[in-house]
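> Here is a sequence together with a model predicted from it:
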Amino acid sequence: MEIFSTVADIREWARQGRGAGHAISLVPTMGALHAGHASLIRAARDSRGLAAVSIFVNPTQFGPHEDYARYPRSFDADCALAEAEGADAVFAPPVEELYPGGATSPIATFVDVEGLSNRLDGASRPGHFRGVATVVAKLLIATEADRAFFGQKDAAQVAVLRRMVTDLRLPAEILVCPIVREPDGLALSSRNLYLSPAERSQALALSRAVRQTETLVSSGERHAVVLIEAAQKIFAAERSSFAAEPQVRIDYIELVNWATLEPVETAAPGSLFAVAAWVGATRLIDNTILG
Ligand code: PAF
């Protein structure tokens, strides 16, 4: 596995690969790789061609009071995992390589998917999806990737990126892999590392709410109001059973059209039921795409 830190070098690697007849698959990550990322790398590897993993903690997708500085960084372990899962290259640029004018420069180029970027996580994290769209556009252009792999856990991010790729006519396909969960249901996330044992236990409210929604829908319930209220009750029960402990606080529970992220009143095949909640100081998300 080769490791590159400049756009010129990863692009040269990708062009040589394409010249030899290989398609290029990209797995964009911010590092702190876990089994969820491993599943994306395996999917990229199994899609034939060459698989590159980018490792870049993107400053522009963090708000001023968010966890950019303390976001977990574990470069050597990440490279070992990427190699073990069959990646052919890692692209790990320094900030100034992707943001030559500085990430906070008053003169800089950003990609903003209007409308979608203010929905779900974008509503509570202003500027987040603008930062995500900008960095993923830069990564796709740098690697000239044919396809890029993302986890369904970040379903709203996927909607934003699909729209961006369509609108910019980028020649990359956005592919989505299923959420990977702990045995007790918690969706894997690099931010799970922040959770204390008590918070870890309360965090299960998210996956319980998601599982309950799947059960209700498979038994015929379709009304957004009913599904959302039932999920809210799971959080309320969690809060009352841990009265003396850090509280779990709902950020949003929504049933939306996955492409537009607009709320829908009735669940239809492909609707996205998404949950975000604060568990202590950690914000977690989970979702299900209804069948
Ligand atoms: O999902 C993530 O880890 C990040 O948002 C991404 C897509 C790597 C962009 O920084």
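Cool, the structure landed.
> Close to the ligand: what parts of the stretch 101-250 of the chain are there?
132, 135, 136, 154, 157 (Cβ under 6 Å from any ligand atom). In this view, the C-beta of every residue, glycine as well, is placed from N, C-alpha and C.
> What does the residue lying closest to the last one once chain neighbours are set aside show for phi and psi?
Put plainly, it is residue 157. Take residue 157 and drop its neighbours on the chain: the residue closest to it by Cβ to Cβ, 6 or more residues apart in numbering is residue 132, 5.6 Å away. Reported as degrees, to the nearest 10, the phi and psi values for residue 132 are phi -60, psi -50.
> is it true that residue 132 touches residue 61?
Yes: the criterion here is Cβ atoms under 8 Å, and residue 132 meets it with residue 61 at 4.9 Å.
> So for those two, which sits in the more crowded spot?
Per other Cβ atoms under 10 Å, whichever of residue 132 and residue 61 has more neighbours is residue 132, with 26 against 22.
> Can you tell me how far residue 9 is from residue 178?
Between residue 9 and residue 178 the distance is 33 Å, computed by Cβ to Cβ, to the nearest Å.
> Please say which of the two ends up with more neighbours.
When residue 9 and residue 178 are compared on other Cβ under 10 Å, the one with more neighbours turns out to be residue 9, at 17 against 12.
> Now do the buried residues in the helix or strand harbouring that one.
Here residue 9, judged by DSSP states H and E, is contained in helix 7-19. By 16 or more other Cβ atoms under 10 Å, the buried positions in helix 7-19 come out as 7, 9, 10, 11, 13, 14, 17.
> OK, contacts around the last one?
The neighbours of residue 17, taking Cβ atoms under 8 Å, 6 or more residues apart in numbering as the test, are 24, 49, 50, 88.
> Residue 169: which of the residues you listed is nearest?
Nearest to residue 169, judged by Cβ to Cβ, of the contacts of residue 17 is residue 24 at 17.6 Å.
> Is that closest one in contact with residue 149, as I believe?
No: using Cβ under 8 Å, residue 24 makes no contact with residue 149, being 11.8 Å away.
> what number of residues lie near the one residue in the stretch 51-200 of the chain that gets nearest to the ligand?
Nearest residue of the stretch 51-200 of the chain to the ligand (Cβ to the nearest ligand atom) works out as residue 58 at 3.9 Å. Using other Cβ under 10 Å, residue 58 has 22 neighbouring residues.
> And the pLDDT at it?
Here, the pLDDT recorded for residue 58 equals 98.
> In contact with it, which residues are there?
30, 98, 131, 132, 135.
> Could you rerun that using 6 Å?
Residue 58 makes contacts with 131, 135, as judged by Cβ atoms under 6 Å, 6 or more residues apart in numbering.
> where does the protein dip in pLDDT?
242-246 (pLDDT under 70).
> quick check: longest helix of it.
helix 224-241 (DSSP state H).
> List the contacts of that one.
Contacts with helix 224-241, where a contact means Cβ under 6 Å, 6+ apart, come from 202, 205, 208-209, 212-213, 216, 247-248, 250, 253, 255, 265.
> For burial, what's the neighbour tally of residue 92?
Neighbours of residue 92 under the rule other Cβ under 10 Å: 19.
> I'd assumed residue 53 was in contact with it.
No: counting by Cβ atoms under 6 Å, residue 92 sits too far from residue 53 to count as a contact (8.9 Å).
> Can you give me the buried ones in the longest helix of the chain?
Within helix 224-241, the residues that count as buried by 16+ other Cβ under 10 Å are 224, 227, 228, 230, 231, 234, 235, 238, 239.
> For the stretch 51-200 of the chain, just list every one of the helices.
With DSSP state H, counting those that start in this stretch as the criterion, the stretch 51-200 of the chain has helices at 75-84, 95-98, 121-124, 128-143, 155-167, 197-202.
> List the buried residues in the third one.
Read that as helix 121-124. 121, 122, 123.
> Using PDB, list the CA coordinates for it.
Output of helix 121-124 as PDB, limited to C-alpha atoms (Å, rounded to 0.1, in the frame of the first residue of the first chain):
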ATOM      1  CA  ASP A 121     -27.600  17.700  10.600                       C
ATOM      2  CA  GLY A 122     -27.200  20.900   8.600                       C
ATOM      3  CA  ALA A 123     -29.900  22.600  10.600                       C
ATOM      4  CA  SER A 124     -28.100  22.000  13.900                       C
END
